[in-house]
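**Q** can't give you the sequence, but here's the structure:
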């Protein structure tokens, strides 16, 4: 079994009838673009084949099954299926953050971000030292989605950790921009001189999100001199110029 039994018992909750639950899965699938819809339809069929026919069954699927992909699929559907209280979803998902499967841990982290309850912040922060880079990336994504200021110090530490992968450090910078906490501005500005163009670009982006005029002078220097390019995102200098415009726009 992929996942150990959860120590928190399932709470009684209103159950969708089998037909209603199937309709809810269909609603989720139909809301997607054509390419994603085909993948989600296949996943919904796997859930049904595994005996998942209710909201309670979907939450039970997070505990693991003979099919190691079922908890991962359940993680994707849980934030999207209506009728699941956030507290219940969080309580079940956080236990997957310590699962033996890196894919299950990654999927749980993403799902916790999409559920959107800051009650998950502490568990996400505890897991941030995960040994798998893809899991750490998902944890940073989730913390950015939750925009909980309690994540600031951990994200700043990850940004400043030169042993961490640049794309994860860049994601930490982007997440800091989501927190709305200007205490991060000095360190984000300092990393505009980072050795990684990706880190520099996302620090500029984050500074634009935070709209703090203190960053303008440093951003101006970068806008005129940094021609480092990040694939799909353009140059660092252009990102810095966009940040300057965002800050000035916020000032009226």
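**A** Structure received. Because the structure is predicted, anything quoted here is derived from the model rather than measured. Numbers count the residues shown, from 1 in each chain.
**Q** neighbours around the nearest residue to residue 117 once chain neighbours are set aside, how many?
**A** Distances taken as Cβ to Cβ, 6 or more residues apart in numbering place residue 86 nearest to residue 117, at 4.2 Å, with adjacent residues excluded. Every residue, glycine included, has its C-beta placed from N, CA and C. Residues lying near residue 86 (other Cβ atoms under 10 Å) number 14.
**Q** I'd say residue 86 and residue 116 touch.
**A** Yes - using Cβ atoms under 8 Å, residue 86 is in contact with residue 116, at 7.0 Å.
**Q** buried residues, stretch 210-223. List them.
**A** In terms of neighbour count (16 or more other Cβ atoms under 10 Å), stretch 210-223 has its buried residues at 210, 211, 212, 215, 216, 218, 219, 222, 223.
**Q** burial measure for the nearest residue to residue 30 once chain neighbours are set aside, as a count.
**A** In space, and not counting its chain neighbours, residue 30 is closest to residue 37: 7.0 Å by Cβ to Cβ, 6+ apart. Residues near residue 37, counting by other Cβ under 10 Å, number 14.
**Q** my read: residue 37 touches residue 29, true?
**A** Yes - here residue 37 reaches residue 29: they are 5.6 Å apart, a contact under Cβ under 8 Å.
**Q** residue contacts, residue 26?
**A** Each residue near residue 26 by Cβ atoms under 8 Å, 6 or more residues apart in numbering is listed here: residue 44.
**Q** what's the answer for the one 3 residues further on, then?
**A** Under the criterion of Cβ under 8 Å, 6+ apart, the neighbours of residue 29 are 37, 40, 41, 44.
**Q** how far away is it from residue 70?
**A** 17 Å (Cβ to Cβ, to the nearest Å).
**Q** just to revisit the earlier point, could you list which of the contacts of residue 29 belong to helices?
**A** The helices, defined by DSSP state H, take in 37, 40, 41, 44 from the contacts of residue 29.
**Q** by neighbours, which of those wins?
**A** residue 40 (21 neighbours).
**Q** in this protein, what spans have low per-residue confidence?
**A** 1-19, 65-67, 252 (pLDDT under 70).
**Q** tell me how far residue 58 lies from residue 41.
**A** Here residue 58 is placed at a distance of 16 Å from residue 41 (Cβ to Cβ).
**Q** my guess is residue 165 contacts residue 133. True?
**A** Yes - assessed by Cβ under 8 Å, residue 165 is found in contact with residue 133 at 5.6 Å.
**Q** ranges for the helices of the stretch 1-150 of the chain?
**A** Using DSSP state H, counting those that start in this stretch, the helices of the stretch 1-150 of the chain run over residues 18-30, 34-49, 55-61, 70-77, 86-93, 102-115, 121-127, 133-146.
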